[in-house]
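J.: A predicted structure for the sequence below; I have some questions about it.
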Amino acid sequence: MAPRRIAVTGSIAQDHLMSFPGSFTDQLVGDLSSISLSFLVDDLEIRRGGTAANICFGMGQLGVDPILVGAVGQDFLGDDEAWLQRHGVDTASVWVSKDAHTARFLCTTDEHENQLASFYAGAMSEARRIELGPIIERAGTVDWVLVAANDPEAMARHTDQARHLGIPFVADPSQQLPRMDGPATRQLVDGADILIANEYERALTEDKSGWSADEINDRVRIRVTTHGPNGVTIEQRGQSTIELPAVPPRDDVKVEPTGAGDAWRAGFLAGLCVDLDLAASAQLGCLVATQCLETVGPQEYGIDLDAAAERLGAAYGNEAASLIQDAFSPDA
């Protein structure tokens, strides 16, 4: 049976990643009401990025043919588009701006994995012009719509369009939550098939929406909370909470956290697309996130489930590893 299909809406960007050989907090002294900081960094890596593109990259490597939905500049055409296509991503529904450049993410990471980041929207602001109806007509079938961090108006419109079309949607507002007000937060969350957030975003969702944890859990089918190196928690109405540890990174590598959350989502959603249960899908997400952590750049890691079987087995048991491998085998 062919995997279920998902349209992944969100940002497409270039990442400018820098490393600071010290601690940001050591530089914060005196009166913090006025701050002017400058950091001499050790290196600069320019990588392909963006929330939607990162998620699609991971899913594409697992063979589930995700549909990338976002807005880019003319500079995306060529190498960046070909890279995603070569890694199994359907880019036919990407909107190309006539005037603006592709979005830019600039991030500096210190020796404790703290990050200072800025984001330039550029062409991303035109994502609000994208209609899901023609995309679904072209694709034939879309089983889920993921609404990830993007132009805020685009996020609202794509959520409404998914509701109108009767397609289950995954709410993942992440980095856009701080700039959203209560009504916007409630509009994105209410009725989601799955709501994904890290610990900070989970608390912020409750604060912004004015809904308690129980109220949010009553309004979504599944609520996922990622905890970085401490794994993931999955809540579902009427079911026991699932708590899973992370897959530990190798001792011989320096971890780079940029894109790890997107990689987790890629593994988790790919698992659901091939009908793995929630626990197994989350286990796969943890594996993919760790492989991203061990690589500089959110679209530079590789996925080889046969080679990763030992790590899956060590983290979750050999039965879990075999279940995940079998789900993605050519004969599945």
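T.: Cool, the structure landed.
J.: the helix or strand of the chain with the lowest mean pLDDT - contacts with which helices or strands?
T.: The weakest-scoring helix or strand in the chain, judged by mean pLDDT, DSSP states H and E, is strand 115-120 (a mean of 86). For strand 115-120, the elements it packs on are strand 103-109, judged by 3 or more Cβ pairs under 8 Å, 6 or more residues apart in numbering; DSSP states H and E. C-beta: built from backbone N, CA, C; applies to glycine.
J.: tell me the SS of the residue nearest to Thr241 when sequence neighbours are not counted?
T.: Once flanking residues are discounted, Thr241 sits nearest to Glu235: 5.3 Å by Cβ to Cβ, 6 or more residues apart in numbering. When states are read from DSSP: H, G, I helix; E, B strand; the rest coil, the local structure at Glu235 comes out as strand.
J.: ok, Val89 touching Gly63?
T.: No. Taking Cβ atoms under 8 Å as the contact criterion, Val89 and Gly63 are not neighbours in contact, 11.3 Å apart.
J.: and those two? Which one has more around it.
T.: Val89 (26 against 15; other Cβ atoms under 10 Å).
J.: pLDDT score for that one?
T.: For Val89, the pLDDT comes out at 98.
J.: what's the separation between it and Leu287?
T.: 20 Å (Cβ to Cβ, to the nearest Å).
J.: how about Asp277?
T.: Computed with Cβ to Cβ, the distance linking Asp277 and Leu287 is 16 Å.
J.: same thing with Trp211?
T.: With the distance defined as Cβ to Cβ, Trp211 ends up 32 Å from Leu287.
J.: okay, those two: which has more neighbours?
T.: Leu287 (25 against 19).
J.: strands of the stretch 1-150 of the chain, start to end?
T.: Listed in chain order, the strands of the stretch 1-150 of the chain (DSSP state E, counting those that start in this stretch) span 6-9, 13-19, 43-49, 67-69, 71-72, 95-96, 103-109, 115-120, 144-148.
J.: reformat these as a markdown table; add distance to Asp80.
T.: Putting the strands of the stretch 1-150 of the chain into a markdown table (distance: least, Cβ to Cβ, whole Å) gives the following:
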| stretch | distance to Asp80 |
| --- | --- |
| strand 6-9 | 16 |
| strand 13-19 | 8 |
| strand 43-49 | 6 |
| strand 67-69 | 11 |
| strand 71-72 | 8 |
| strand 95-96 | 12 |
| strand 103-109 | 12 |
| strand 115-120 | 16 |
| strand 144-148 | 18 |
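J.: residue ranges with poor pLDDT in the stretch 101-250 of the chain?
T.: Within the stretch 101-250 of the chain, not a single segment meets pLDDT under 70.
J.: so where do the helices sit in it?
T.: Assigned by DSSP state H, counting those that start in this stretch, the helices in the stretch 101-250 of the chain fall at 132-139, 152-165, 182-189, 199-209, 213-219.
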